[in-house]
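Asks: dropping the sequence and predicted coords here.
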Amino acid sequence: MGRKDSGYRPLQERIGDFGEVEQTLNEEDRKAQASRCMDCGVPFCHWACTVCSKIPEWQDALYRGNYKEAYEVLTSTNTFPEFTGRVCPALCEKSCVLNIHNEPVTIRENECSVIEKAFDLGLVEPRIPAKRTGKKVAVVGSGPSGLAAADWLNQLGHTVTVFEADDAIGGLLRYGIPDFKLNKGINDRRLRVLEAEGIAFVVNTRVGKDLSRNELLKKFDAICLAVGAMKPRDLTVPGREAEGIHFAMDFLKQQNQKIRGRKFETHERILATGKNVLVIGGGDTGSDCVGTSIRQKANTVTQIEILPKPPAKRLENNPWPYWPNVLRTSSSHMEGCERRWSLSTKRILIENGKVTGAEVIKVDWTNDDNGRWVMNEIPGTEEVIKAELVLLSMGFVHAEHEGLLDDLGLAYDTRGNIQTKHKKSETTVEKVFACGDAKNGASLVVHALASGREAAEQIHGFLMK
C-alpha cells in the first residue's frame with residue numbers, strides 16, 4: 001500500500017473563498033495510512049520532531065481505532081496538534097524511514113485527524129489544576145510560543161495572564177497565517193478550553209505602553225516574553241518610498257482582519273484586485289501572499305527569490321534523514337503564479353508617486369575561498385517586472401526592540417534576538433524569560449511550541465526553588 005494524501009479542494013472552487021484548502025480522507029483510508037507506520041528500529045520521525053512526538057505509538061492507536069489513546073499520547077508532548085497538523089512542514093515525514101523511497105507516512109494529516117476526532121468525541125476537556133501555587137506569571141504575546149508557555153505554566157498550578165497587543169488572541173496563528181490554511185474557528189475553539197482551564201487573556205494591551213514596565217514587574221512573580229520576531233527585513237533600493245509597496249505581514253494581517261469583520265476605509269485597504277502583484281521573497285510567507293492575492297482576484301502574480309532554484313530531488317550532500325533542501329510547491333503556487341529565482345531587485349519604478357514595476361537583475365552564486373556563498377550580478381540581464389502592488393516577504397530580522405524590550409534593559413545577541421543565559425530561556429534581567437521567535441529568531445510554529453514549553457518548565461523551576 002502506498003501513500004495517499006487527502007489532497008486539496010478543486011482549484012476553481014477554493015480560489016473563490018478563504019476556506020481551508022485541504023481535504024480529509026475517510027476513516028477507513030486514514031486508518032490504512034496509519035497502518036503504514038512501521039516498527040522501526042530507530043524512529044527517525046521522533047528524532048526530527050521538535051516537540052518529540054511519540055509518533056509510532058499514537059499511529060498504532062489510530063490504526064486500531066482507539067482515538068482516546070491516540071489523543072492522549074499525541075498531546076503528551078504536543079500542546080496544540082490542531083495547529084501543527086495544519087501548518088507544520090512535517091519535519092517528521094522528511095525523516096520517516098519510508099521517505100527513503102519518497103513514500104512517507106502521512107504523519108501530519110494523521111495528527112490533524114486525531115485531534116479533530118478527539119474534539120468530535122468530546123475527549124478534549126478542560127484540565128483544571130487541582131492546586132495553585134500562588135505564583136503569578138505574565139505571558140506577553142499570544143502566538144504559538146506564548147500559548148504553549150501559558151498552557152504548561154497553568155497546568156503546573158501557576159496563575160497565568162496572557163497579554164496581547166491586538167484585538168484577538170493568537171498572534172501569528174490569528175493574523176499571520178491565512179484562513180485558507182488555518183480557519184480561525186480552530187483558534188477560538190482552543191481558546192475556550194484554555195479560558196475554562198483558568199488562563200486569563202487581556203487583549204488590546206501593549207505592554208510597555210498601556211501597562212508599564214514597572215507595573216509588570218511589580219504585579220507578577222515572573223514574566224515570559226513571547227513577542228515574536230516582527231521586525232521585517234526591508235528593501236533598501238531607490239524608489240522604496242513609492243505608494244503600493246507593503247510588508248507581507250501588513251497585507252496578510254489586513255485580510256485576516258477583514259474576514260474577522262473589521263471595516264477599512266478605502267485609502268487604508270491593501271488590495272491586489274485587478275493589479276499585477278510582485279512578491280519579493282520565496283518563503284512560506286511569500287507563498288501566503290500569493291494565495292491571498294489570487295483570492296483577491298489579482299491580474300497576475302509573480303514571486304521572485306534572490307537565491308537559486310532548489311533541486312527537485314535531494315543532492316548527495318543532503319542525505320536522508322536530514323531535512324531535504326529541495327523545491328517546495330505550495331497549494332498557492334498551484335493556483336496560478338509565476339515563480340523565478342536568482343533575481344535581485346535593483347530599483348523600484350514610480351509614476352505619479354505610485355509603483356509601476358521593479359527593475360531586477362539576474363545573479364550568480366559561487367563559493368569563496370572559505371566556502372561561503374557570494375552573489376555576483378550578471379551584467380546585461382536587467383529587466384523590468386510590471387507591478388502595481390509589491391509585497392516584501394524577505395523574512396524578519398528580530399523582535400521589535402523599541403518599547404518594552406528596551407525599557408526592560410534586555411541584552412540582545414549578535415542577531416538582535418533577546419539574549420538568554422546558557423542558551424536557555426532566562427534573560428539578563430531577573431525574573432524575565434523569553435521564548436519562541438523573540439529568543440531564537442523567526443522560525444516554525446512547531447519550534448515555537450517547543451520553546452514555549454521549555455520556557456515554562458524553566459520558569460516553574462525559578463518560581464519554586
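Replies: Ah, there it is.

Asks: ok, longest strand in the protein?
Replies: strand 354-367 (DSSP state E).

Asks: may I have the following helix or strand past that one as CSV, with CA atoms only?
Replies: Counting by DSSP states H and E, the element after strand 354-367 in chain order, helix or strand, is strand 373-377. Taking Å, rounded to 0.1, in the frame of the first residue of the first chain, the C-alpha atoms of strand 373-377 are listed here in CSV:
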residue,chain,number,x,y,z
TRP,A,373,28.3,31.8,-0.8
VAL,A,374,29.0,35.0,-2.8
MET,A,375,26.5,36.7,-5.0
ASN,A,376,27.5,38.3,-8.3
GLU,A,377,25.3,40.3,-10.6
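
Asks: what pairs with strand 373-377, and is each one parallel or antiparallel?
Replies: strand 354-367 (antiparallel) (DSSP bridges).

Asks: so how far is the strand it pairs with from its chain's centroid?
Replies: Mean-position distance between strand 354-367 and its chain equals 27 Å (C-alpha atoms, centre = their mean, to the nearest Å).

Asks: for the stretch 1-150 of the chain, just list every one of the helices.
Replies: Secondary structure of the stretch 1-150 of the chain (DSSP state H, counting those that start in this stretch): helices at 11-14, 27-34, 44-48, 55-63, 67-75, 81-87, 91-94, 107-120, 144-155.

Asks: my guess is Leu389 contacts Lys275. True?
Replies: Yes. Leu389 is within contact range of Lys275, at 4.6 Å (criterion: C-beta atoms under 8 Å). Where C-beta positions appear, they are placed from N, C-alpha and C, glycine not excepted.

Asks: where do the contact lists of those two overlap?
Replies: Residues touching both Leu389 and Lys275 (C-beta atoms under 8 Å, 6 or more residues apart in numbering): Ala298.

Asks: of these two, who's got more company?
Replies: Neighbour count, other C-beta atoms under 10 Å: between Leu389 and Lys275, Leu389 has more, with 26 against 21.

Asks: just the CA coordinates for stretch 12-20, please, in CSV.
Replies: C-alpha atoms of stretch 12-20 as CSV (Å, rounded to 0.1, in the frame of the first residue of the first chain):
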residue,chain,number,x,y,z
GLN,A,12,-11.6,26.8,-9.2
GLU,A,13,-13.7,26.3,-6.1
ARG,A,14,-11.0,27.1,-3.5
ILE,A,15,-9.7,30.3,-5.1
GLY,A,16,-13.2,31.8,-4.7
ASP,A,17,-13.1,31.8,-0.9
PHE,A,18,-10.9,31.7,2.1
GLY,A,19,-12.0,28.3,3.4
GLU,A,20,-9.3,25.7,4.2
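
Asks: list the contacts of that stretch.
Replies: By C-beta under 8 Å, 6+ apart, the list of residues contacting stretch 12-20 reads 8-9, 21, 86, 178-183, 255, 259, 294-295, 331, 335-336.

Asks: one more: stretch 343-357?
Replies: Residues contacting stretch 343-357 (C-beta under 8 Å, 6+ apart): 235, 237-240, 242-245, 278, 280, 304-306, 358-363, 375, 377, 382, 384-390.

Asks: strands along the stretch 251-400 of the chain, start to end?
Replies: 276-280, 300-304, 338-340, 343-351, 354-367, 373-377, 383-386, 389-392, 396-398 (DSSP state E, counting those that start in this stretch).

Asks: so which of these gets nearest Gly2?
Replies: strand 338-340 (28.2 Å; C-beta to C-beta).

Asks: who are the packing partners of that closest one?
Replies: strand 300-304 (3 or more C-beta pairs under 8 Å, 6 or more residues apart in numbering; DSSP states H and E).

Asks: before I go, just wanted to say thanks for your time.
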